[in-house]
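Colleague: following is a predicted model, sequence given first.
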Amino acid sequence: MKGIIFTEFLDIVEDAFGLEICQQMLDEAFDEGSYTAVGSYDHKDLVKLIITLSKITDVPATDLQEVYGKAVFSRLLKSLPIPINDKTSTFDFIRKVEEHIHIEVKKLYPDATPPRFDFISETNSIMTMDYHSARCMSHVCLGLIQGCADHFNQKIHVEMDAIKPDQSHVRFHIQLVAS
């Protein structure tokens, strides 16, 4: 997993819970917290940090993943080399993630294994897609989808159906909600 995910996570934890909680999380997870944005790290280390933060804060790990995904969306968007214009929508952007961003990530980092999206169906107001990832972080994906909708000033309703119990395969039903 690319280091930017870790560095942003630590920044968000510090912003949301303070430096003391962030340090406590690192200490209790036996993690030095020395990540670089361009490094590659085992995703299990991030999972361990999330579980440790959940124990410290009594916030469910799935909720922490969603909050993280939502918060990190705008930070990751700034680092992406794709054109975003006034006509880009939540659905357009989600498609660009799979059709452009993940492809470019693999070109830049041949060892990278980004999640895969399979688009099942789409209308003007509903998108159904499958998320596939060995990292089983579908709640981060949910947060990213929510952050994406917020960025494009669209209201959405999202349902998640775990196709596999470990959440390595999850179906998302995303519906645009009229304002």
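Modeller: Everything's here; your move. The model shown is predicted, which means the values in this text are computed figures rather than measured ones.
Colleague: count of residues packed around C148?
Modeller: Each residue near C148 was counted by other Cβ atoms under 10 Å, and the total is 25. The way it works is simple: take the backbone N, C-alpha and C, and place the C-beta from them, glycine included.
Colleague: okay, it: pLDDT?
Modeller: As predicted, C148 sits at a pLDDT of 93.
Colleague: hmm, it is touching F73, no?
Modeller: Yes: contact criterion Cβ atoms under 8 Å: C148 and F73 qualify, at 5.7 Å.
Colleague: does K87 belong to a helix, a strand or coil?
Modeller: Assigned with DSSP: H, G, I helix; E, B strand; the rest coil, K87 falls in the coil class.
Colleague: tell me how many other residues surround it.
Modeller: K87, neighbours per other Cβ under 10 Å, totals 6.
Colleague: the one 3 residues further on too?
Modeller: Applying other Cβ under 10 Å, we find 22 other residues in the vicinity of T90.
Colleague: what of T57?
Modeller: Count around T57 with other Cβ under 10 Å applied: 16.
Colleague: that one: what's it in contact with?
Modeller: Residues in contact with T57 (Cβ atoms under 8 Å, 6 or more residues apart in numbering) are 17, 21, 64.
Colleague: weed out the non-buried ones from these.
Modeller: 17, 64 (16 or more other Cβ atoms under 10 Å).
Colleague: what is the nearest of the contacts of T57 to A29?
Modeller: Closest approach to A29 among those (Cβ to Cβ): I21, at 12.2 Å.
Colleague: would you check that that closest one makes contact with V13?
Modeller: Yes: I21 is within contact range of V13, at 7.0 Å (criterion: Cβ under 8 Å).
Colleague: what is in contact with those two at once?
Modeller: Going by Cβ under 8 Å, 6+ apart, residues that sit against I21 and also against V13 are L53.
Colleague: can you give me the buried ones in the lowest-mean-pLDDT helix or strand in the chain?
Modeller: Every helix and strand in the chain was compared by mean pLDDT, DSSP states H and E; the lowest is helix 102-108, with a mean of 75. Using 16+ other Cβ under 10 Å as the test for burial, helix 102-108 gives 102, 105.
Colleague: can you name every helix or strand that whatever helix or strand comes next after that helix contacts?
Modeller: Counting by DSSP states H and E, the element after helix 102-108 in chain order, helix or strand, is strand 116-122. Packing partners of strand 116-122 (3 or more Cβ pairs under 8 Å, 6 or more residues apart in numbering; DSSP states H and E): helix 90-96, strand 126-132.
Colleague: mind checking the pLDDT average for strand 116-122?
Modeller: On average, strand 116-122 scores 95.
Colleague: try stretch 1-20
Modeller: 92.
Colleague: same question, stretch 156-163
Modeller: Here the average pLDDT along stretch 156-163 is 96.
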